[in-house]
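Trainee: Sequence and predicted structure, then a few things I'm wondering about:
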Amino acid sequence: MRVIAIVNQKGGCGKTTTTVNLAGALAAEGHRVLIVDMDPQAHATLAMGLEPDDLEANLYEVLVEPAGAGKLDSIIIDVSESIDIAPSSIVLSALEQKLASERHDARTERLAAAIEALPPLYDFVLIDCPPNVGLLTFNALRAAGEVIIPLETSFFAIDGVQKLLETIGLLSERIGHKLHVRVLPTLYDGRTRYARNTLGEIRELFKELCFDSVVRLNVKLREAAKAGVPIARYAPTAIGAHDYASVAMELIASPPALFQPVGPERKAKDAEPGLPREVVVRFKDASAGDVRIAGDFNGWVPDRGVRSLIASEGPTRVWTKVLTLEPGTYQYRYVVDGEWREDPANPQTAPGPTGQPNSILHVR
């Protein structure tokens, strides 16, 4: 079970949107997901079609009592196929004052204990955090093994995330609990040069911590929240659904154990018949700033084990990708400025697991 906290002390950056719609995308891939709404504003609860004031119990009842660790499953609500939620309410904002007299470790480990006591039903637990780094967020970080930081593609948002990363680092040292952190660019408008330049700065600054996928501005995401369902159910062909499907695919393909780069070489005893050979593919675009390739040959992790060269043909930039592959048939896609696309120069496609077409590569 992978426990992931969605954290940023800045409001309006897409934490709840990411929590709910990533849950929907993971569920669409066949995974069972639990959403834990740790925000007293209860936006994730609302976005899943529930009215917080109408619920008999919420996370406050679980976290306020020392013996509440075994109570989490009693408040969980089945809200959609393969998605459950532990709901929130405004009363959760009183938890910090209620627990003020307790030891720090006793206060910050309550959510971790509650999640550990759950039966093994879930593949992913996604924790939606409030827009501050207080007791509720500390509980989420203590319970999680991974952190996703949604980052609006604007200059001022970058500074806040750098401070948040420092806070997470200090917390990890203090409690001896390692957290695998990744940054997800959100609210991206690729039509503007400012957004494209800022995305480039984010990738340069955070490097391997940054998702290759980005979440673009899409009004359908707001409509889905109002309707109380994830975008994957509300409008599966919308760009918001495609973006979160890409995030889910990248997340599934890159668990913490695989964050380090891994080359395509195999041990001789595991190799299939046929000698590996170099395969060259090219992508041309006059406006793209960053192009990577991902496929079933590298676990769908963009540019993992790939040699990349960039050249220019007049105003057009040309990305050359050199792959080392054994004979066989492979599926792949390009990631162009964070957007997943099939190869425009290759007419051979096949439907991928999320319904989008993947390009086909035959190696003989």
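Mentor: Right, received. Where do you want to start?

Trainee: how many neighbours does R364 have?
Mentor: 7 (other CB atoms under 10 Å). Quick note: C-beta positions are derived from backbone N, CA and C, even for glycine.

Trainee: For it, report the pLDDT, please.
Mentor: pLDDT, R364: 76.

Trainee: quick one: what helix or strand has S359 in it?
Mentor: Using DSSP states H and E, S359 sits within strand 357-363.

Trainee: Touching that strand from outside, list them.
Mentor: With contacts defined as CB atoms under 8 Å, 6 or more residues apart in numbering, strand 357-363 is touched by 277, 279, 281, 295, 325-333, 342-343, 346, 348-352.

Trainee: Narrow those to those that are buried.
Mentor: For those, a burial check counting by 16 or more other CB atoms under 10 Å picks out 281, 295, 325-326, 330-333, 342-343, 352.

Trainee: biggest separation within these, which pair?
Mentor: When CB to CB is used, the two most widely separated members of the buried ones among the contacts of strand 357-363 are E326 and E342, lying 22.8 Å apart.

Trainee: Out of the buried ones among the contacts of strand 357-363, which is nearest to L55?
Mentor: Ranked by distance to L55 (CB to CB), the buried ones among the contacts of strand 357-363 are led by G352 at 37.9 Å.

Trainee: Dump the buried ones among the contacts of strand 357-363 to a markdown table, plus pLDDT and secondary structure.
Mentor: Shown next, in a markdown table, are the buried ones among the contacts of strand 357-363 (pLDDT from 0 to 100; DSSP: H, G, I helix; E, B strand; the rest coil):
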| residue | pLDDT | secondary structure |
| --- | --- | --- |
| V281 | 91 | strand |
| G295 | 87 | strand |
| L325 | 90 | strand |
| E326 | 88 | coil |
| Y330 | 91 | strand |
| Q331 | 90 | strand |
| Y332 | 92 | strand |
| R333 | 91 | strand |
| E342 | 89 | coil |
| D343 | 92 | coil |
| G352 | 72 | coil |
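
Trainee: which residues of the stretch 251-364 of the chain score low on pLDDT?
Mentor: By pLDDT under 70, the low-scoring segments of the stretch 251-364 of the chain are 257-274, 353-355.

Trainee: any chance you could map the strands in it?
Mentor: With strands called from DSSP state E, counting those that start in this stretch, the stretch 251-364 of the chain shows them at 277-285, 291-295, 307-313, 316-325, 328-336, 339-341, 349-351, 357-363.

Trainee: Quick one: residues in contact with the fourth one.
Mentor: Among residues not part of strand 316-325, those counted as contacts by CB under 8 Å, 6+ apart are 264-265, 276-286, 288, 291, 293, 297, 303, 305-312, 361, 363.

Trainee: Only alpha carbons, please: show that strand as PDB.
Mentor: Taking Å, rounded to 0.1, in the frame of the first residue of the first chain, the C-alpha atoms of strand 316-325 are listed here in PDB:
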ATOM      1  CA  THR A 316      12.600  23.600 -36.400                       C
ATOM      2  CA  ARG A 317      14.200  21.700 -33.500                       C
ATOM      3  CA  VAL A 318      14.900  18.000 -33.900                       C
ATOM      4  CA  TRP A 319      15.100  15.600 -31.000                       C
ATOM      5  CA  THR A 320      16.900  12.300 -31.700                       C
ATOM      6  CA  LYS A 321      16.200   9.500 -29.300                       C
ATOM      7  CA  VAL A 322      18.600   6.500 -29.400                       C
ATOM      8  CA  LEU A 323      17.100   3.300 -27.800                       C
ATOM      9  CA  THR A 324      18.900   0.000 -27.200                       C
ATOM     10  CA  LEU A 325      16.300  -2.700 -27.800                       C
END
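
Trainee: Compute the inter-axis angle for that strand and strand 291-295.
Mentor: 30 degrees (axes from the mean of the first three to the mean of the last three CA atoms, to 10 degrees).

Trainee: for strand 316-325, which positions count as buried?
Mentor: Residues of strand 316-325 classed as buried by neighbour count (16+ other CB under 10 Å): 317, 319, 321, 323, 325.

Trainee: roughly how far apart are the second one and H177?
Mentor: By that I understand W319. Distance of W319 to H177, computed by CB to CB, to the nearest Å: 39 Å.

Trainee: One more: the third one?
Mentor: With distances taken as CB to CB, K321 is found 38 Å from H177.

Trainee: next one: the first one
Mentor: Separation of R317 from H177 (CB to CB): 43 Å.

Trainee: So what touches the longest helix belonging to the chain?
Mentor: Determined from DSSP state H, the single longest helix within the chain is helix 155-175. Residues outside helix 155-175 that contact it (CB under 8 Å, 6+ apart): 7-10, 13, 105, 108, 133, 138, 141-142, 147, 149, 151, 177-179, 181, 183, 198, 201-202, 205.

Trainee: What's the first helix or strand after that helix?
Mentor: strand 180-186.

Trainee: Pull that following strand out as PDB, backbone CA atoms only.
Mentor: Only the C-alpha atoms of strand 180-186 are listed here, as PDB (Å, rounded to 0.1, in the frame of the first residue of the first chain):
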ATOM      1  CA  HIS A 180      10.100  10.500  -1.400                       C
ATOM      2  CA  VAL A 181       9.100  13.900  -2.800                       C
ATOM      3  CA  ARG A 182       8.000  14.800  -6.300                       C
ATOM      4  CA  VAL A 183       6.800  18.100  -7.800                       C
ATOM      5  CA  LEU A 184       3.800  18.200 -10.100                       C
ATOM      6  CA  PRO A 185       3.400  21.300 -12.400                       C
ATOM      7  CA  THR A 186      -0.300  22.400 -12.400                       C
END
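
Trainee: tell me what it is packed against?
Mentor: In terms of contacts (3 or more CB pairs under 8 Å, 6 or more residues apart in numbering; DSSP states H and E), strand 180-186 is packed against helix 15-28, strand 146-152, helix 155-175, helix 193-206.
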